[in-house]
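J.: Structure for this input, please:
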Amino acid sequence: MAQTVIIEEAGGPEAMQVVERDVGAPGPGEVRIAHKACGLNFIDVYQRTGLYPLALPHALGMEAAGIIEAVGEGVTHLKPGDRAAYAATPPGAYAQARIMPATQVCALPEGISFEHAAAMMLKGMTVEYLFHRTTPIARGDTVLFHAAAGGVGLIACQWARSEGITLIGTAGTDEKCALALAHGATHCINYRTEDWLAQVQELTGGQGVDVVMDAVGADTFDGSLDSLKPLGMMISFGNASGPVPPFNLAILAQKGSLKITRPTLFAHMADRDACQDMADHLFEKVLSGAVEIRIDQRFPLAEVRAAHAALEARKTTGSTILEI
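T.: Take a look at the predicted model:
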């Protein structure tokens, strides 16, 4: 039996409950993993609220790290006793242990702790695909990154610095801006006290940025488009302020033949080899010291409601983990 966080209906943090579930044995292509820590992400909120619908009842959580206890037939890249970590579907990481498909579970190098792995797999591989698998970004290019002091944002700031990319961040307080700057952002704009769009234009000499990476959604979408230089790329990869409303594609032509994409991590890592390649790139960045994984909030699994409330209220910085 394993404690597991589930929802029986969509709703607020109070919709989550901790139940005891029988774990069982892995089938073909599956592993059983005992978690040491699991990560908290905005996609968990989207699923809990019903923005991203799940077949209910359903467990929550998309990333974790722990020890492989058993492997099913056909699993060759992992064995019992291996340290492992993942960002993966289906949800179910908020648990002491689980059975899951092995495709997106990766062996964890000894130099990375379970806690840091749980805090970085989904966020770090998101940054990896944003910078390397979505649109060409070269040394010297300029990227606008919203929510630069969050878990994904702080990794993105460091990633950009390690590759000679200018990153203009936005954040909601001076303290969060200072955090982003300390982690490699070239500039950071407090969107509550400054006109961030005007600041972006000033910082780029009126040219605009090459790429916008926007996980905020509705609140920043129009300004993000206006921040781009002609032929620039808008990457909309989240909805923290709500989903982007429908818009006329002709606007992209009017604003300079802009490009836009709405990617997801799990489309990029559906293939086993691609998943491992992305994880290896992330592990390399962390082990080299180019990227430090910052864990600013820790909650026991039983306090998952408080963890979600803090995330939704934008009271968190860096990564948040649930301790098992």
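
J.: For residue 118, which non-adjacent residue is spatially closest?
T.: Nearest residue to residue 118, sequence neighbours excluded (CB to CB, 6 or more residues apart in numbering): residue 37, at 3.8 Å. Glycine gets a C-beta too; all of them are placed from N, C-alpha and C.

J.: same question, residue 184
T.: Counting by CB to CB, 6+ apart, residue 161 is the residue found nearest to residue 184 once chain neighbours are left out, at 3.2 Å.

J.: how about the helix or strand harbouring that neighbour: buried residues?
T.: Per DSSP states H and E: residue 161 is located in helix 151-162. Of all the residues in helix 151-162, those buried under the rule 16 or more other CB atoms under 10 Å are 151-161.

J.: Need the residues that contact that helix.
T.: 39, 41, 119-120, 123-124, 126-128, 130-131, 143, 145-148, 165-167, 169, 171, 179-180, 183-186, 213, 215, 285, 290-294, 316-320 (CB atoms under 8 Å, 6 or more residues apart in numbering).

J.: wouldn't residue 232 be in contact with residue 260 here?
T.: No: assessed by CB atoms under 8 Å, residue 232 is found out of contact with residue 260, at 9.6 Å.

J.: Quick one: residues contacting residue 239.
T.: By CB under 8 Å, 6+ apart, residue 239 lies in contact with 42, 46, 51, 215-218.

J.: on that earlier part again, which of residue 232 and residue 260 has more neighbours?
T.: The neighbour count for residue 232 versus residue 260, taken as other CB atoms under 10 Å, is higher for residue 232 (24 against 19).

J.: if I've got this straight, the more buried one is in a helix?
T.: No: under DSSP: H, G, I helix; E, B strand; the rest coil, residue 232 falls outside any helix and is assigned strand.

J.: mind checking how far stretch 225-239 is from the chain centre?
T.: 18 Å (CA atoms, centre = their mean, to the nearest Å).

J.: do stretch 267-284 as well
T.: Chain-centre distance of stretch 267-284: 14 Å, with CA atoms, centre = their mean.

J.: ok, back up a step: looking at the contacts of helix 151-162, which are in strands?
T.: Of the contacts of helix 151-162, the ones assigned to strands by DSSP state E are 39, 143, 145, 166-167, 169, 171, 213, 319-320.

J.: ok, of the residues you listed, which come out buried?
T.: 39, 143, 145, 166-167, 169, 171, 213, 319-320.

J.: rewinding a little: what I need now is the buried residues of helix 151-162 written out in JSON lines, including pLDDT and distance to residue 310 for each item.
T.: Converted to JSON lines, the buried residues of helix 151-162 look like this (pLDDT from 0 to 100; distance: CB to CB, whole Å):
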{"residue": "151", "pLDDT": "89", "distance to residue 310": "12"}
{"residue": "152", "pLDDT": "93", "distance to residue 310": "16"}
{"residue": "153", "pLDDT": "95", "distance to residue 310": "16"}
{"residue": "154", "pLDDT": "95", "distance to residue 310": "16"}
{"residue": "155", "pLDDT": "96", "distance to residue 310": "19"}
{"residue": "156", "pLDDT": "98", "distance to residue 310": "21"}
{"residue": "157", "pLDDT": "98", "distance to residue 310": "21"}
{"residue": "158", "pLDDT": "98", "distance to residue 310": "23"}
{"residue": "159", "pLDDT": "98", "distance to residue 310": "25"}
{"residue": "160", "pLDDT": "98", "distance to residue 310": "27"}
{"residue": "161", "pLDDT": "98", "distance to residue 310": "28"}
